[in-house]
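S.K.: need the 3D shape of this:
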Amino acid sequence: MKRARFLVDGRVEEGVLSEPGVLVDSTGASHAEDAVVFLPPVVPGKIVGLALNYADHAAELEFAEPPKEPALFFKADNTLTGHGSPVVYPDGVDYMHYEVELAAVIGRTCRRARADDAYDLILGYTIANDVTIRDFVGNFYRPPVRAKGWDTFLPLGPYLVEDEIDDPGSVGLRTYVNGELRQEGNTSDLVWTIPELVEFITSFMTLNPGDVILTGTPRGISHVFPGDVMRLEVDGLGALENPVVAETPGAEARAA
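M.R.: This next block holds a predicted model:
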């Protein structure tokens, strides 16, 4: 099942994808996807990100080897935006890039979970774009708040996909910019698997329904600029597409 949250006629609706391009809301009314404004498919309390969770990505950043334990950071909720909404390119920065990621959404409150039980605790999956400004990454082991914390820097969606992914440990991920394939990988190359991440994070932190784990990005990051369109695909989850726009007064407010 593919669930979505969206704005239509000034209302926030939740619905399911009934057929390609058609959403059905809780009252049974149908809406064409191109007639609604997508919102992030979940409203997370916590968004936990992973740095350097693909060895090939660590190598492209000239790390000799990945971290010895998961390198976590928090992504704040001000960064959230939906499929189709613009991502704002801050004035004066040099290197802004996309990061395609498989995002796992927690379905049950959990603490000290075992890896063997992790998939039973996950509600579903969605696509995340962990947008980053490389200018502000000086140390990978300090929280990259300024690099990853700008408004609109976490497009999420378009759907929360439940009970359709047979093996989240082996799905392909791709990023296209203006139709050009720039990034490609597979979750089979994760350094820390989703069950291992759930066990590690819940060893010291309670995760609640709706919390999101961003599982990291593979090799292939590159610059994007105002006017570009980023299209991120994950097998079985659809495509998350967002234009990049230049920063202007009020741009973030329009994108929210």
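S.K.: now do the helices in the stretch 101-250 of the chain.
M.R.: Applying DSSP state H, counting those that start in this stretch to the stretch 101-250 of the chain gives helices spanning 118-121, 145-148, 194-202.
S.K.: so residue 56 sits in a helix?
M.R.: Yes - membership of residue 56 in a helix is supported by DSSP: H, G, I helix; E, B strand; the rest coil.
S.K.: which one of the helices of the stretch 101-250 of the chain lies nearest to residue 166?
M.R.: helix 118-121 (10.9 Å; Cβ to Cβ). Just so you know, the C-beta spots here come from the backbone N, C-alpha and C atoms, and that holds for glycine as well.
S.K.: okay, residue 197: pLDDT?
M.R.: For residue 197, the model assigns a pLDDT of 97.
S.K.: pretty sure it sits against residue 71.
M.R.: No - contact criterion Cβ atoms under 8 Å: residue 197 and residue 71 do not qualify, at 11.3 Å.
S.K.: shaky segments in the stretch 1-150 of the chain?
M.R.: 139-142 (pLDDT under 70).
S.K.: now do 90
M.R.: 52, 55-68, 135-146 (pLDDT under 90).
S.K.: ends of stretch 53-69, what's the gap?
M.R.: Start and end residues of stretch 53-69 are separated by 10 Å (Cα to Cα, to the nearest Å).
S.K.: related to what we said a few turns ago, identify the contacts common to residue 197 and residue 71.
M.R.: residue 50 (Cβ atoms under 8 Å, 6 or more residues apart in numbering).
S.K.: which of these two has more neighbours?
M.R.: residue 197 (24 against 18; other Cβ atoms under 10 Å).
S.K.: check the spacing between the more buried one and residue 36 real quick.
M.R.: 32 Å (Cβ to Cβ, to the nearest Å).
S.K.: angles on the backbone of residue 164, please.
M.R.: Main-chain torsions, residue 164, degrees, to the nearest 10: phi -120, psi -10.
S.K.: check the closest residue to it other than its chain neighbours and give its pLDDT.
M.R.: Distance criterion Cβ to Cβ, 6 or more residues apart in numbering; nearest residue to residue 164, sequence neighbours excluded, is residue 236 at 5.8 Å. Note for residue 236: predicted pLDDT of 97.
S.K.: could you list the buried residues of stretch 109-116?
M.R.: Within stretch 109-116, the residues that count as buried by 16 or more other Cβ atoms under 10 Å are 110, 113.
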